[in-house]
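Participant: Fold the following, please.
(chains A and B)
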Amino acid sequence: MNNRSLKILSLGFLMSILLAISAFPTGDSYPTGITDDNLVKNGCTCHSTGPMDSNVIINLTNLPEIYNSSKVYTLTLKISGGPDALTDGNQGGFFIQTNYGTLESIDNNTWVPEGETHLTHNEEGNNYREWSFNWIAPESDSKIVEFTVYGNSVNGANGSIGDYWNKGEFSSAGVNAKIAEDHGELSMPKKMIYAFTVLVVTLGVVVIGNRMVVNEQSFEDIIKDCWKATYPWLTTTDHKYIGTLYICTGFGFFFVGGILGLLIRWQLFEPRIDGDFLTYEEYNSTFTMHGTTMIFMAAMPIIFGFANYLIPLQIGARDLAFPRLNALSYWLLPTGGFVVYMGYFTGGAGDVGWTGYTPYASGDFSTTPGTDFWVAGQIMLGASSTLTAINFLTTMLRMRAPGVTMMRMPLFAWSIFVTVFLLLLSIPVFTVALILLMADRTFGTLYFDVAAGGDPILWQHLFWYFGHPEVYIVILPAFGVLSEIISTFSRRPIFGYTSMVYAMATIGIISFVVYGHHMFTTGADPLFRFIVMLTTMLVAVPTGIKIFNWLATMTGGSIVLKTPMVFALGTVITFTIGGITGIICASIPVDVGIHDGYFVVAHFHYVLVGGTVFSFIAGVYYWYPKMVGKIMNEKLGLLHFALTFISFNVAFYPMHNVGLSGMPRRYATYDASLTELNQMITIGAFVFGFVQLIFVYNVLYSYKYGKEAGDNPWDGWSLEWATSSPPPHNSFTEIPTLKVAEEED
Amino acid sequence: MSLLHDLIFFENPTIWNDFGGTSGGLLGVVWQMAIWSIIVAILVTGWMIYNLIYFRRADGDPEHEDALKAGVFPHERGNAKIEIAWTIAPLILVSWLTLISLAPLDYLWDVDGQEEDITIEVTAGRFYWSFATPICNEEKSDKEEWCSTGIYQEPEGFDQCETSTARGCLEIPHGAVVHFRLNSVDVLHAFNFPELGIKQDVMPNLETLSWLDTGEYEAGQYSIWCAEYCGEEHSLMDADIFITETEIA
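Facilitator: Just a heads-up that it's a prediction; the model follows:
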């Protein structure tokens, strides 16, 4: 394509995007009539004859500068200025709204409309320009309460001519809020970000300074050395380098997401009032970022890191089909991740939950500014995943070495094959939904606007159509890893290879027709909910086949208990528990009781941490020798497993109990009777977090002091073990041929 | 000691409740779920432990007959009969669990089939519950006693005993079928009685229904929480519900 046609093409794209934007439904044309909040707020739609008038003066007296919690204050609102009023006619009206506490009428002149929180005048009340009413201060005394008042000064003549209105804003602060402000105290996440920055800068100075002094290098030389070491990583298209980058980025985000998880747990150590540790708003951001980080920036990158590194090796290809596209997919990940995290620097990261349910996420409700960044960053991550899916599909369908037929691919390769299929069919739906959401939030469109007649559960359909295949996207590769490890360390072929493949394919197909089980308590069609209950139950069948096949592989084998195998077996147990609770959640009558509660939180942590994360930690122990050429330390590995397995169960098992007692998820505080169990969870979570440092230490330690691995340290069969450790630059010196055992005999 | 007790017993009466008598006892859906969970967990762990006891070998033991070789696709192992057996067994199990879910489901969803004694309009907003109820309670004509909480709004037309609106608390009579018509004024909420095992999302622009037979439960104070994330004070969005032994007016 020449330069000119490229220009025309991009102009065309630009034009069509502009056209699309102008074709969006816009904000003024509500099909259900005008429900503009501002008109309600004026309290006097009949008098809206022009802009605010500064001659009208609004006074709110008896409002304390510092309020006490739950105390009742009688406030007086007075309007002066404006037109002279007839003595016995209508004189004025008002509207007052506050963000905290409750407004209450104390006489016949004012009322709170049904279902509203604001206070306004009534028929009798508009004969006055002064009104008194009660304000009950909020329970928390750390709030800054703001009052918004609209006052209308009326001349009492018929019609609205000569009536003027104005707006007033007043505030009152709680006892604790005032102190916090006086000291200019930083919020917890800000403190952590500053501390982290200081730490990084200090480390940088120490390292560079050390080299300048000890090696007597100049500053420029050190920077040049750094650049030389970094440059190949920035420009690489080699699947092994990109795979390593993915894995490191994934575990890096796993660390960040883990810290967010610990913040959540510390907040829930005891029932806390707003701002005791995190404010409720910060808490909401924290669980949103925890979920988003763990799914999109930790689990998926780790999976695709391993896929990048291993799939070409396992199918005997030199690289992926589109190496540059692969590099683009990778670089969209840290970029998207950075954009999602930008929220922290703009007044609070996204706080809509990782599910981002509308209309909360789409409307003008008080989401933090970071929500826009959350949406934008996720679109990038979606693009990254879509490109990756195309890349792997092409590679695995077109670039298999001689002898590697579809039914002779290793099970890890098969799991990735099914996964990328799911990814390609599901994630574009999510990306499109996010684009619609972004249009709603920033361009004023009305796709999810309920007031304009939008369906309140449209987003849930779009999200879960992607969201449920997504959970299989993260669990299927884990099945692949477990199949490889269990077979290798039982030192015999997997039991029922063919049924394993069919089981994975079945899970892949079923995954698209179960998503409604996230919507059992919505008002969705009962038939729809009933059908997805049936299909969800069916998932247990192929999953059961896999678990039984693994166990049958071990029976009669020669099991060697090395760290990867121990981790894999631990995973089988935790994943089985997670699978069982999944079936419990699938039964609608039971789910009605436990939906959106901690039982569900326990279930998906058992599946995602106990399934995906554990098996990929096992994968690190298993493939580290291939990637680095050295075996990881066994003793540290077993210690890591023992502590991880115990603390994991201490942290997540009690969540079942907490959930059955009724604690809903995403609660920043809870019923005091659940304190003991929550403290146990928190302690378990902190131990779980800290023992992962053993793993980090082991990786670094073994990189330097590990035993030489050799090409095939575990006696595996797939093609990656047929090349050297680490593999040569082009992965294979010559393209291998997969032999078949039957022909060898 | 109590922590251990909490871990072993799931102390929530309604979790073990029988969904209006449709699914009680050991053959009821909750007990069956618990029993089969334990059986499956024991089966998997037991089989794994058995494997580890009988088939564990030290590293460097003599090679297995069909040991793996790098670059060679191994012998296919399998046994069609066994594999079909453990396809059909879970299928039967989940069919059974689905089957026993049907009766309580029929009960939970049978809003229309239940003749209502009272209908209560519930309005959810950030972050409150408000209830419009037609109940007129003669015995507690003192409005301060009407709901035993401090959060109380003067019910419109309280004197006429036609409808009254209260925010944050609700009193319903014992032994009545109560229908809730649920609406939200802003975002999604979920109407949740944690102690009674009832949950229904509340949406703007889409009325949802829930119902409760108060005769199934003991008279007393229960709570209503919001179970669908709705913003900053999501965890504080609660209301009290009193089931009292009174005559329906």
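
Participant: got the CA coordinates for the helix or strand A:Ser5 falls within in PDB?
Facilitator: Using DSSP states H and E, A:Ser5 falls within helix A:3-23. C-alpha atoms of helix A:3-23 as PDB (Å, rounded to 0.1, in the frame of the first residue of the first chain):
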ATOM      1  CA  ASN A   3       1.700   6.400   1.100                       C
ATOM      2  CA  ARG A   4      -1.200   8.200  -0.700                       C
ATOM      3  CA  SER A   5      -3.700   5.500  -0.300                       C
ATOM      4  CA  LEU A   6      -2.700   5.100   3.300                       C
ATOM      5  CA  LYS A   7      -3.400   8.800   3.900                       C
ATOM      6  CA  ILE A   8      -6.800   8.400   2.200                       C
ATOM      7  CA  LEU A   9      -7.600   5.400   4.300                       C
ATOM      8  CA  SER A  10      -6.800   7.100   7.600                       C
ATOM      9  CA  LEU A  11      -8.800  10.100   6.600                       C
ATOM     10  CA  GLY A  12     -11.600   7.800   5.800                       C
ATOM     11  CA  PHE A  13     -11.300   6.200   9.200                       C
ATOM     12  CA  LEU A  14     -11.300   9.600  10.900                       C
ATOM     13  CA  MET A  15     -14.400  10.700   9.000                       C
ATOM     14  CA  SER A  16     -16.300   7.600   9.800                       C
ATOM     15  CA  ILE A  17     -15.400   8.000  13.500                       C
ATOM     16  CA  LEU A  18     -16.600  11.600  13.500                       C
ATOM     17  CA  LEU A  19     -19.700  10.500  11.700                       C
ATOM     18  CA  ALA A  20     -20.300   7.800  14.200                       C
ATOM     19  CA  ILE A  21     -19.900  10.300  17.100                       C
ATOM     20  CA  SER A  22     -22.400  12.700  15.500                       C
ATOM     21  CA  ALA A  23     -24.800   9.900  15.000                       C
END
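
Participant: Next, count neighbours for the closest residue to A:Gly579 other than its chain neighbours.
Facilitator: Sequence neighbours aside, A:Thr543 is the residue nearest to A:Gly579 in space, at 5.6 Å (criterion: C-beta to C-beta, 6 or more residues apart in numbering or on different chains). In this view, the C-beta of every residue, glycine as well, is placed from N, C-alpha and C. Around A:Thr543 there are 23 other residues, counting by other C-beta atoms under 10 Å in any protein chain shown.

Participant: now A:Thr543: how far from A:Thr498?
Facilitator: A:Thr543 sits 17 Å away from A:Thr498, going by C-beta to C-beta, to the nearest Å.

Participant: sorry, back to before: and the helix holding A:Ser5, what does it pack onto?
Facilitator: In this structure, helix A:3-23 makes packing contacts with no helix or strand, judged by 3 or more C-beta pairs under 8 Å, 6 or more residues apart in numbering or on different chains; DSSP states H and E.

Participant: ok now it, how far from the chain's centre?
Facilitator: 33 Å (C-alpha atoms, centre = their mean, to the nearest Å).

Participant: Am I right that B:Val199 is in a strand?
Facilitator: Not Val; residue B:199 is Lys. Yes - applying DSSP: H, G, I helix; E, B strand; the rest coil, one finds B:Lys199 inside a strand.

Participant: That one bridge partners, please.
Facilitator: Beta-bridge partners for B:Lys199, by DSSP bridges, are B:Asn192.

Participant: Give me the phi and psi angles of the residue sitting nearest the centre point of chain B.
Facilitator: Nearest to the mean C-alpha position of chain B, by C-alpha atoms, centre = their mean, lies B:Gly197 at 3.9 Å. Phi and psi for B:Gly197, reported as degrees, to the nearest 10, are phi 60, psi 30.

Participant: Go ahead and confirm it touches A:Gly597.
Facilitator: No - shown here, B:Gly197 and A:Gly597 do not form a contact pair, counting by C-beta atoms under 8 Å, at 10.7 Å.

Participant: Check chain B for the residue nearest chain A and tell me.
Facilitator: B:Pro194 (2.8 Å; C-beta to the nearest C-beta).

Participant: Not counting sequence-adjacent ones, nearest residue to that residue?
Facilitator: A:Gly662 (2.8 Å).

Participant: so who does that neighbour touch?
Facilitator: By C-beta atoms under 8 Å, 6 or more residues apart in numbering or on different chains, the contact list for A:Gly662 reads A:597, A:671, B:12, B:192, B:194-195, B:225.

Participant: and if we set it to 10 Å?
Facilitator: A:593-594, A:597-599, A:670-671, A:674, B:12, B:14-15, B:192-197, B:199, B:223, B:225, B:227 (C-beta atoms under 10 Å, 6 or more residues apart in numbering or on different chains).
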